[in-house]
Structures are given as structure tokens and as C-alpha cells.
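Chemist: only the shape, not the letters, is given here:
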């Protein structure tokens with residue numbers, strides 16, 4: 001029996017930690033303090049409240065991450081719009097090829113003239129989108 005215990009002193013379960021955290025402290029917060037604490041915890045992006053408290057006590061620097069839903073929404077819509085602009089460009093090239101393949105030179109030129117007017121409107125709209133995006137970045141993202 002003694003030989004068996006010397007070979008395998010650990011009988012199962014979790015391996016013991018080298019430096020276990022055995023000291024515990026308790027604090028009491030009122031409603032206002034608790035609300036403020038929870039807000040700080042949520043904005044920190046940490047998942048474990050005990051780790052957040054340790055960081056607050058020992059490092060005295062609290063990292064908070066603020067996610068702006070409006071900026072995310074604007075970015076998502078702008079990305080979608082960029083994809084649509086690319087699709088328009090591909091369709092534009094296909095239309096030009098079809099016009100010259102299926103119509104006479106004069107008819108193709110007439111259709112391309114109409115398409116050119118729409119393209120100019122699209123370019124003006126694109127410049128306006130770029131201006132709004134730059135204004136949005138200056139006012140909201142570079143704070």
C-alpha cells in the first residue's frame with residue numbers, strides 16, 4: 001500500500017494550484033455606486049468581474065471600450081453601398097459591350113448618351129457621400 005501512495009499521491013480531480021487565491025474581501029455599494037460600477041464594468045469589455053476589480057485596485061488604469069452603434073450602422077450601410085457601386089460598374093461595362101454588339105453605331109451612341117447622364121448623377125451622389133463620410137469622421141469618430 002505504501003508503494004502505491006508514493007507513486008501516485010494525487011488520487012484524481014483538479015490539480016492543486018501553486019499559488020491559490022485564498023484571501024477574499026467584501027465591499028458594499030449603494031444603488032448609485034453599484035450602477036456606476038456596473039457601467040464601468042460593462043464599458044471595460046472584460047467578462048469576469050473579479051478580474052475587473054483586480055485591475056481597478058492594482059493598476060489604477062481602467063480600459064473602457066465604447067462602441068458607437070450609430071457609427072457601426074453608418075459603416076455597415078456605407079460598405080453595402082460600396083458593393084452596390086461595384087455592381088453598377090460591372091453592369092455598366094456589360095451594357096456598353098451589349099450596345100455595340102446588338103445595335104448600330106448610331107443607336108449605341110444614343111443609348112450610351114442616356115447612360116452617361118445617369119453616370120454623371122451617380123458621380124455627383126458619390127462625391128456627396130464622400131463629403132458626408134469625411135464630415136462624419138471629423139465630428140464623431142476622431143474624438
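Modeler: Noted; the coordinates are in hand. The structure presented is a predicted model; accordingly, all values stated were derived computationally and were not measured. Numbers count the residues shown, from 1 in each chain.
Chemist: which stretches of this protein form helices?
Modeler: Remark: helices assigned in the chain by DSSP state H are 2-7, 31-44, 49-58, 69-102, 105-136.
Chemist: among those helices, which comes closest to residue 20?
Modeler: Closest approach to residue 20 among the helices of the chain (CB to CB): helix 49-58, 14.0 Å. Where C-beta positions appear, they are placed from N, C-alpha and C, glycine not excepted.
Chemist: quick one: that closest one to chain centroid distance?
Modeler: Helix 49-58 sits 26 Å away from the centroid of its parent chain (CA atoms, centre = their mean, to the nearest Å).
Chemist: pipe the helices of the chain into CSV and attach distance to residue 13 per row.
Modeler: Listed next are those as CSV, based on distance: least, CB to CB, whole Å:
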stretch, distance to residue 13
helix 2-7, 16
helix 31-44, 32
helix 49-58, 23
helix 69-102, 45
helix 105-136, 56
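Chemist: worst average pLDDT in these?
Modeler: Among the helices of the chain, helix 2-7 has the lowest mean pLDDT, at a mean of 53.
Chemist: and the helices of the chain as TSV, adding mean neighbour count and distance to residue 22?
Modeler: Converted to TSV, the helices of the chain look like this (neighbours: other CB atoms under 10 Å; distance: least, CB to CB, whole Å):
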stretch	mean neighbour count	distance to residue 22
helix 2-7	7	26
helix 31-44	12	24
helix 49-58	13	14
helix 69-102	11	42
helix 105-136	12	52
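Chemist: nearest to residue 25, of those helices?
Modeler: So among those, helix 49-58 is nearest, using CB to CB, at 9.1 Å.
Chemist: that closest one - contacts with which helices or strands?
Modeler: The helices and strands touching helix 49-58, judged by 3 or more CB pairs under 8 Å, 6 or more residues apart in numbering; DSSP states H and E, are helix 31-44.
Chemist: quick check: angle from the helix it packs on to helix 49-58?
Modeler: 100 degrees (axes from the mean of the first three to the mean of the last three CA atoms, to 10 degrees).
Chemist: which helices and strands sit right next to helix 31-44?
Modeler: Counting contacts by 3+ CB pairs under 8 Å, 6+ apart, helix 31-44 packs against helix 49-58.
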